[in-house]
Each structure stands twice: as structure tokens, then as C-alpha cells.
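Enquirer: The following block contains a protein sequence and its predicted model.
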Amino acid sequence: MSQATFFNLQSDGASIVVYLSTGTPVVLHWGASLGQGFNEQDFINATREAVPHGDLDDYQNPGVWRENARGFLGRPALLGHRAGLDWSQKFEVVEVSATENSLFVRSADEQAGLELTVKFEFASGGVLKISQSVKNTGAGDFSLDALTTFMPLPDYAAETMDFTGRWVKERQPQRRPIQVGTWAREGREGRSGHDYTIVQLAMTAGAGYQQGEVWSLGLQWSGNTRHLIEKMATGRTTMAAGELLQPGEVILAAGETYEAPVVIAAHSEVGIDGITDRHYRWLRSRPNHPSTVRPRPLSLNVWEAVYFDHNLEKLTALADVAQEIGVERFVLDDGWFGSRRDDKSGLGDWIVSKDAWPDGLKPLIDVVKARGMEFGLWFEGEMVNPDSDVYRAHPEWIFQVGNRIPPFGRLQQVLDITHPGAFEHVLGQVDAILCEYEIDYIKWDHNRTLTEAAHFGKAAVREQTKAIYRLFDELKRRHPGLEIESCASGGGRIDLGMVEHADRFWTSDCNDALERQYIQRYTQFAIPPEMLGSHIGPHHAHTTFRTHELAFRAVTALFGHAGLEWDLTQTTDEERAALKGWAAYYKQNRALLHGGRMVRVEQPDDSAFVHGVVSHDKSRAIFALATLRSTPSITPNAMRFEGLDAAATYRVRLVEPAGAGITIGRQNPIWMTGVELTGAALAKVGLRPPVLAPENAILVELDRI
Ligand code: DGJ
């Protein structure tokens, strides 16, 4: 090869340095841009390890594929075999092509009959997309166990963060020091899951929202996943992400290729907010990004208002109030189809129920449209109740191994949509509804985990995941402008794969504003607020039985794709007036809320969150202070503001789009009637907040003068 072997790709302050001369691509650096002015050979020499005693005699660098044949003793990127052979490979580079912001490498092991490719490509926002593939160029089948993307971390990366969670408490962070060994987060639910690590973070010690260096990897995949942080006895640390394959799930016949899900790598020198900013800028640069296409409509979902009790009169009354408040989208949830009068039957029969809707959905849709709102409808196409026409006709369409029926989840089984008949059934019935009625939006649920997800005995999560992507894409192709919300018992299918096929995520079934403060904060690490449904629920949250004032619920719901999920017919005149004001505020400010930079301000204790959105030109910002519990101090900590222009002066205003937060002090601070301060003063000194009751919030607007 007489071509370049050293590549220093840079974009937006991030870089990756790749060297090929050991016959394999080696990532010498991933992180902040290093500029251009260094001597390549000196860089290579500087990064070359010493040769210790008690190890191999010469320097080895296993590169991105980490083959055992190159002396590597950790987990290789490629795991698999050909009936027990070809499990160990040594890939040599056979093709390289590069552009200013991308590098493609193809390597082959002729003896093993395998080829690997990797492509590094910078996308908008300085996000690095990494694609890998493996091709079986040999004779006979190759059983693939894993093709994982590993990225090196510097020795000073000291901590890691990933996420856990459950139904109504999704994505709670967990942080730990990086120590020798492998820390693995595996998802085997067949969907990303409530505990899914949308991005895994590695950080310098004590890194926070605004400071420290942070590296992240996320996977563009909604099936089974594996995220790893590995520190070896050699002292070197890597982080990795890849699809988790079940035994036999991918067997490559001669000539076949496996494309691994794309890995999204981001780096920040300005803390976790920098990672968030890169994700948002990348996602928002896509031409079909929901808030680029059009402003996110204020929604009403009627689930918590009526549950299965569908009734035109009641829903008309709801639509009347929704119209009065300024709602723009009305969503009919579960219960409109088949024999689905409760969750015991009917799932899988996507035909309007004569029982619930004797004249079809038209009368309701007419009511909604006449009130100037879009209409949305609920589906759960990958599931069936055994008590359904589809299951009675095709019991063979559910996932199972042999004759063993998997355990039930919400009284349902999983429809195997990798089965062409099942796929066509769902596509056909959903399409027919979308053709018959004027439906602008569908909410697509997924209420059980996949266990023994097998197509005629063979593991099939991968194919099922590809099938749902295909189904969504086909529905959108047939119905231009259709929007899809991805829901899975709340936020069980939110990931960087689904962002390419859905327009909105149902963040959580928990509409309790306190829980939502946490759930939204951590989901927003990688997913922008305009894609995250956040609704004002009733005073008494249905999932926690906590009670919250409207102001707290309203401020919380503002930082997302806002909506309502509440029996509005039960609201008082005062509440309706407040909701009207809040709806108008959301509409006036959604361009900023859905387009600006997300900022989270570190707090000295865990009694409050301060977060906000700052316009990219720093001329305007909206911040919230949410109290999560009683303050340990008599008066609360300062509300500080990051991300502003330090030299500029801002007009600071308290805004109360849905009424005032509950204060429990004798006197409120004077600034609450208005104040003007520089960005520097707002960052370093801030404002002394009122003594707010726990589980309350205030909203502050800042405009550069
Ligand atoms: C679970 C979802 O998360 C809810 O929002 C609702 O759509 C129900 N399913 C309906 O069964």
C-alpha cells in the first residue's frame, strides 16, 4: 500500500487520530481536537508503549479489532466461529479511503475467510458515527457472536455513568469509578428498556454538567444491546458498544454480511452538557427532525382521563375544553379496536370496535377536527392477546420456542413480525385505518418484554427490530406527514436507533412532576426535549398518588414536547385560565425550548435542580428552579445561570405561565419584581430564590439588553 497511514480527522473541536501501519487500524486518540501542527512520526513514537517483562517480546498494538493473533488478551471486537474453527483471526488492511471528515478501512483474513470494515465519520455537532461490518468470504457458515465497537479512553478517564430504572422511574443514573475489570450493561428485553443506557459516559474525576472531560458512546439500536467499560491489567481503558446477539441469532452464509448498529461517539471538554449539546446539534441537523419539520403541537392524550371508557359524549366534552385551552393535537389511546374493552382481549385486531364506536371513529375525528386539532390514535402492533381474532387464526405467529408458550406480560404475547404474514397483517390493518380516517399521528406502544423471542426456534430480536423499523418507515412512506410516537409502557423504547424512525417518545407513564424532573433530566442527556412527551397530569398523580400544585406540573411539562393528560372536564375555571396561559407560553417559546442549548447548573446539594435552555446566540434563555425536597439550609442556595454571555447584561423576569410556585417564607426576594444583571454576575452570584415549598418550581426568563 502506498497510501497515507495516518489520519487526523477533526470536526467541531473533536478529533480522532487513526494509524494504520501495524496492518490494522489503531485509534491513537479520541477526544479533543489536537490541531494539525504536529509531526506524525513523533506522535506515533510518543504513543508507542514500552515492552515490559513477563509479556510478549515485542510491542503489539491490537488496534480496533483487538485480535488474539496480535497478542491481545482482552475481549476481541469480533467473536464467532465456523463450526469451531476460524474463531481466531488476524485481519490485514486491504482498502482505505478517506475524506476530510471520514475514514473507511477494509481488512481481510483470507485464511479465516472473513472481512471486517470500519468507518469513522464526523456528523453535525462533532458527533462521530462509527459503522462496522463483517463479511463471510469463506466457505460454509460463520456463526457470529458479537461485533463490538471499542474506543480508547485516556488513562485519566476515572469514572463512568450509565443508567438503570423501571416502569414509572426510567433512566436513573449510576456512577462508579473505573477499576480493573469489565463493567457491562446488557439489555436483553428485545427493546431498549426502562433501564437502558441511551449513552454510556466516561468522565474525568468529578466531572459535572459544566466541567470536566466526558466521552460517550450510544448505539443506534432498539433491540438487545451491550455497553462495556473495560480497564485491563495493562492499565489501558476502553469503552464499547454493540448489539447483543443470542446464540445462533446471526449465522452468515458464504458471501453474507452483518452490519453492526452504528455507534454514536461524542466527546466534551465542557462537562456533560457538552455531550448533550453535540447530540442535539446532530439530531437537529437532520432535515426530518420533528421540530425542523414543524413546531411540536401541544397535545392532549386522553388515557388518564378515560382509560378504556370510550364515550363520544365524554370525549367531546374533553375536546371542548382542549380547544378552549389551546390544545393542537388530541390523541385517543388504548381501547378503540376489536374486543378491547379492557386489557384482557382484542390486542392484535386493528379494526374499529362496533361496540365502543358503532359509527366508527369519524364522529370523534369530526369533533376534534372541527375544534382545530389534529387527531392521533394508539396502536400496539407487535403484541396480541390470546383472546383475539388474530391469535385464534394464527397462533403460530407469536414468539415461542417449540410448543412452550412464554410467560404472559400484561396478558399478552409478542407477535413475530419477522413472519411475513404477521408483518402484512399489522401493516395492512394499520394502513387501512390510516387510509379510512384523517389521522395525523400514531402512538405505538410495546408493553411487554421479549422472552424466548424465536422465529421457528431461532433467536429473532435482531430481525424483529429491523422489522419494526421497516414497518414504521413504510407507514410513513404511505402516509406522508404521519408522525409516530414510540412508547413502551412509558419510556421503554427510547434510543438513538428509534430516533431515526419515530418523531416522539413517551418519556414515562409517570406524570408525577417530581419523578418527571429526574426522568426528563437524564433522558435529555442524549434526546432533545422536542422528542420527549411531557404532560401535565392531574393533581393526584395516578402512578404515585403524590399531589402537586399546577405551577410545578406546568413548569415541569414545559421542558419537553408539552401536553396534557388529565380529565380536563374536571378542571376549575381558574385552572383552565392558568392552562390557557401556559399553553400560550409554550407556543410562544417552543422555538427556544426546542432549539436552544440545554444547560444544567450544578447545585451544592440535592434539594433542587436548576436547568434551562439558552438560545445559541445567548440572547435569550428560560431557566427553571425545581425544589425536589426540603432544603437543608434555612434559606435556599442561589439560583445561578450558566451558558450566558458573561459580558452582556440581561433583563431577568420571573414568569408564571400557570400560576405562582408555593412560597413558604415571610418575604419574597426583591428581584422577583425584575432585575438587570450581567451574565457573569448571574453565573457566579446568581439570584437568591424565594423559600419555595418542596416539590415546587419557578421559571425565570432572561433577555439580553
Ligand atoms: C402504556 C402506555 O405507556 C400508556 O401511555 C397507555 O398508552 C397504555 N399503555 C395503554 O394501554
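Expert: Structure received.
Enquirer: Using CSV, write out every CA atom in the host helix or strand of Leu377.
Expert: Using DSSP states H and E, Leu377 sits in strand 374-379. Only the C-alpha atoms of strand 374-379 are listed here, as CSV (Å, rounded to 0.1, in the frame of the first residue of the first chain):
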residue,chain,number,x,y,z
GLU,A,374,-55.0,17.1,14.8
PHE,A,375,-56.1,13.6,15.6
GLY,A,376,-53.9,10.8,17.0
LEU,A,377,-54.5,7.1,17.6
TRP,A,378,-52.9,4.4,19.7
PHE,A,379,-51.6,1.1,18.4
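Enquirer: Give me the contacts around the next helix or strand after that strand.
Expert: Going down the chain from strand 374-379, the next helix or strand is strand 383-384, by DSSP H and E. The contact list for strand 383-384, computed with CB atoms under 8 Å, 6 or more residues apart in numbering, reads 347-348, 390-391, 397-398, 412-415, 445-448. Placement of C-beta: from N, CA and C, glycine included.
Enquirer: Straight-line length of stretch 675-683, end to end?
Expert: One end of stretch 675-683 to the other measures 15 Å (CA to CA, to the nearest Å).
Enquirer: Name the residues that touch it?
Expert: 618, 640-642, 644-652, 685, 687, 702, 705.
Enquirer: In ChimeraX, how would I select just the buried ones from the residues you listed?
Expert: Those of the contacts of stretch 675-683 that count as buried under 16 or more other CB atoms under 10 Å are selected in ChimeraX with:
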select :618,640,641,642,644,649,650,652,687,702
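Enquirer: Right, and the ligand sits closest to which residue of the stretch 201-350 of the chain?
Expert: Relative to the ligand, the nearest point of the stretch 201-350 of the chain is Asp334 (3.5 Å; CB to the nearest ligand atom).
Enquirer: Closest one to Gly242 out of the contacts of strand 383-384, please.
Expert: Gly242 lies nearest to His446 out of the contacts of strand 383-384, by CB to CB, at 22.2 Å.
Enquirer: Surely the closest one is within a helix?
Expert: No - applying DSSP: H, G, I helix; E, B strand; the rest coil, one finds His446 to be coil, outside a helix.
Enquirer: Might you report the residue contacts of it?
Expert: Arg191, Glu380, Glu382, Met383, Ser486, Cys487, Ala488, Ser489, Gly492, Arg493.
Enquirer: how about the residues you listed in TSV, adding distance to Thr137?
Expert: Converted to TSV, the contacts of His446 look like this (distance: CB to CB, whole Å):
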residue	distance to Thr137
Arg191	33
Glu380	42
Glu382	35
Met383	40
Ser486	37
Cys487	42
Ala488	38
Ser489	43
Gly492	39
Arg493	35
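Enquirer: Quick check: the farthest pair among the residues you listed?
Expert: Met383 and Ser486 (14.2 Å).
Enquirer: Around the ligand, which positions in the chain sit nearby?
Expert: Trp303, Asp333, Asp334, Trp378, Asp445, Asn447, Cys487, Ser489, Gly490, Trp506, Asp509 (CB under 6 Å from any ligand atom).
Enquirer: domains for this protein, by residue range?
Expert: Per automatic domain parsing, the domain ranges recorded for the chain read 6-284, 298-591, 598-704.
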